[in-house]
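# based on what follows, work out the 3D shape:
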Amino acid sequence: MNAQIDSGTPPKIKQVKVKQKPKEKNIVNTLTAATLEGVNAKVIEVEATFTKGLPGFAVVGLASSDIQESKERTKSALLTNDFVFPPLKITVNLSPSDIF
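The predicted model follows:
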């Protein structure tokens, strides 16, 4: 039989360096606001993040079902003031989330 004998060493593999695109940083805008809770003022931090993705607008951080209503009111107020929504995914985070 004319079988070739394997020496047990693996074949040499040529390594190729892959260039990676630099990661784009997300833009996070933060502002401080206040709301009334009874007669006391409570500080709220509002963070807005603009990221690549399917264009959309989302408000997160509210524990109740009023999130949909607040989202629509915010969107309406921005459009009334001639705000042009960029073709990005916009996420607005409200903290602390226990405000109602």
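# pLDDT weak spots in the protein?
Within the chain, the ranges that satisfy pLDDT under 70 run 1-11, 13, 15-16, 18-26, 62-67, 97-100.
# in this protein, mark out all the helices, start to finish.
For the chain, the helices defined by DSSP state H occupy 67-80.
# surely Leu31 is in contact with Val43?
No - look at Leu31 against Val43 with CB atoms under 8 Å: they stay out of range, at 11.2 Å. C-beta here means a position set from N, CA and C on the backbone, and glycine is covered the same way.
# quick one: Ile90 from Lys75, how far?
Using CB to CB, to the nearest Å, we find Ile90 at a distance of 10 Å from Lys75.
# the more surrounded of those two?
Per other CB atoms under 10 Å, whichever of Ile90 and Lys75 has more neighbours is Ile90, with 18 against 15.
# how about that one, nearest residue that isn't a chain neighbour?
Closest residue in space to Ile90, ignoring its immediate chain neighbours: Phe57 at 4.9 Å, by CB to CB, 6 or more residues apart in numbering.
# which residues touch that neighbour?
71, 75, 85, 90, 92 (CB atoms under 8 Å, 6 or more residues apart in numbering).
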